[in-house]
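J.: Have a look at this prediction, sequence included:
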Amino acid sequence: MSMKKIALLICLFSLSFGFAQNETLFNEATELYNNGEYSAAIENYEQILENGQHSASLYFNLGNCYYKLNSIGPSIYYYEKALLLSPNNPEILNNLRFAENMRLDAIEEMPKTELSKIYNVVVGMFSYDQWAYIAVGLVFLFVLAYMAYYFLRSANQKRAAFISSIFSLALGAVCILMAYLNHQQYKNDDPAIVFSKEVKVNSEPNNNSSTVFTIHEGTKVNVLDELEGWKRIRIADGQTGWLQDSDIKSLKDF
């Protein structure tokens, strides 16, 4: 057997062993959670993350564990990470709302136009990679329908195949556009969750500047800029200011 084949077999064995180990850890964590051993379950879930595997269900379960331990920041943090991988998931959204009710801050979002709301709902219906997968599937359907157009003999069947091919191609193009818009939105947003119990947000990136407002653990912010250990953030009502990097944790640190 050649060295390349041996290396390939070792690689495949390592991958299968890793998946099996993670599945065992996940099942053990689920059992620990059901038995009320939330801290022990967290250790298992975090071990899976250290092994390089992550998923919406894993982050969702971590959020549930921290929620049971009344840890506001981590619970909201992991629910939000789960939503990034599974947008508009009703179960995640429901549990996130419960966790958000534990926060001290009740920040009203800036009003949005109806057009802006519709845009966000449509573009955010799926993640950008999910939009891309749908587009690939539709292009595949276009190819099949176009081939059927040439092979079918009946005029009605040929007409139906042609219309189906054009419809699939058009929908595929729309999905590609949605994937692009979603990806642009993803790149432009840099959300983070406050982990400190209380944070004084300053007008400038230093401790000598005045305090603009105060936020608490679990509040979601959007990072706009950073400078020497400080980050400029914006909260839902539009207010901006600077806080130290150690006070928040980025949601996109996959």
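T.: Cool, got the structure.

J.: What mean pLDDT does the helix or strand where Leu243 lies get?
T.: Leu243 is located in strand 240-244, with elements delineated by DSSP states H and E. In this model, strand 240-244 has an average pLDDT of 96.

J.: Kindly report the same for stretch 79-95.
T.: On average, stretch 79-95 scores 93.

J.: Determine how far the last residue of that stretch lies from the first.
T.: 8 Å (C-alpha to C-alpha, to the nearest Å).

J.: same check, this time on stretch 225-233
T.: First-to-last residue span, stretch 225-233, C-alpha to C-alpha: 7 Å.

J.: Flag every buried residue along that stretch.
T.: Trp230, Lys231, Arg232, Ile233 (16 or more other C-beta atoms under 10 Å). From N, CA and C alone the C-beta is placed, and that goes for glycine too.

J.: on contacts alone, who are the packing partners of the strand holding Leu243?
T.: Using 3 or more C-beta pairs under 8 Å, 6 or more residues apart in numbering; DSSP states H and E, the elements in contact with strand 240-244 are strand 198-202, strand 211-216, strand 230-234.

J.: In TSV: those, plus mean pLDDT.
T.: Below are the helices and strands packed on strand 240-244 laid out as TSV (pLDDT from 0 to 100):
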stretch	mean pLDDT
strand 198-202	95
strand 211-216	95
strand 230-234	96
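
J.: The ones you listed: which one's closest to Gln130?
T.: strand 230-234 (27.2 Å; C-beta to C-beta).

J.: From the contact counts, what lies against that closest one?
T.: Taking 3+ C-beta pairs under 8 Å, 6+ apart as the contact cut, strand 230-234 packs with strand 220-227, strand 240-244.

J.: hmm, back to that, can you tell me which of the helices and strands packed on strand 240-244 is most buried?
T.: Neighbour counts (mean count of other C-beta atoms under 10 Å) averaged over each of the helices and strands packed on strand 240-244 peak at strand 230-234, with a mean of 20.

J.: quick check, distance from that strand to the centre of its chain.
T.: 21 Å (C-alpha atoms, centre = their mean, to the nearest Å).

J.: okay, the angle between it and strand 198-202?
T.: Angle of strand 230-234 versus strand 198-202, following axes from the mean of the first three to the mean of the last three C-alpha atoms, to 10 degrees, is 90 degrees.

J.: thinking again about what came up before, kindly reformat the helices and strands packed on strand 240-244 as a markdown table containing distance to His183.
T.: Converted to a markdown table, these look like this (distance: least, C-beta to C-beta, whole Å):
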| stretch | distance to His183 |
| --- | --- |
| strand 198-202 | 30 |
| strand 211-216 | 29 |
| strand 230-234 | 21 |
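
J.: Thr30 is nearest to which of those strands?
T.: Nearest of these (C-beta to C-beta): strand 211-216, 31.3 Å.

J.: Could I get the contacting residues of the residue nearest the centre of the chain?
T.: Nearest to the mean C-alpha position of the chain, counting by C-alpha atoms, centre = their mean, stands Leu84 at 1.2 Å. With contacts defined as C-beta atoms under 8 Å, 6 or more residues apart in numbering, Leu84 is in contact with Ser127, Leu251, Lys252.

J.: Give me the below-cutoff pLDDT ranges for the chain.
T.: Counting by pLDDT under 70, the chain has low-confidence residues at 1-20.

J.: Does the lengthiest helix in it pack against any helices or strands, and if so which?
T.: Counting residues, the longest helix found in the chain (DSSP state H) is helix 155-188. Here helix 155-188 touches helix 114-123, helix 128-151, going by 3+ C-beta pairs under 8 Å, 6+ apart.

J.: what angle sits between it and strand 220-227?
T.: Using the same axes, to 10 degrees: helix 155-188 against strand 220-227 is 60 degrees.

J.: List of residues touching the next helix or strand after helix 155-188?
T.: Downstream of helix 155-188, the next assigned helix or strand under DSSP H and E is strand 191-194. For strand 191-194, the surrounding residues in contact (C-beta under 8 Å, 6+ apart) are 73, 76-77, 80, 215-223, 231, 233, 247-252.
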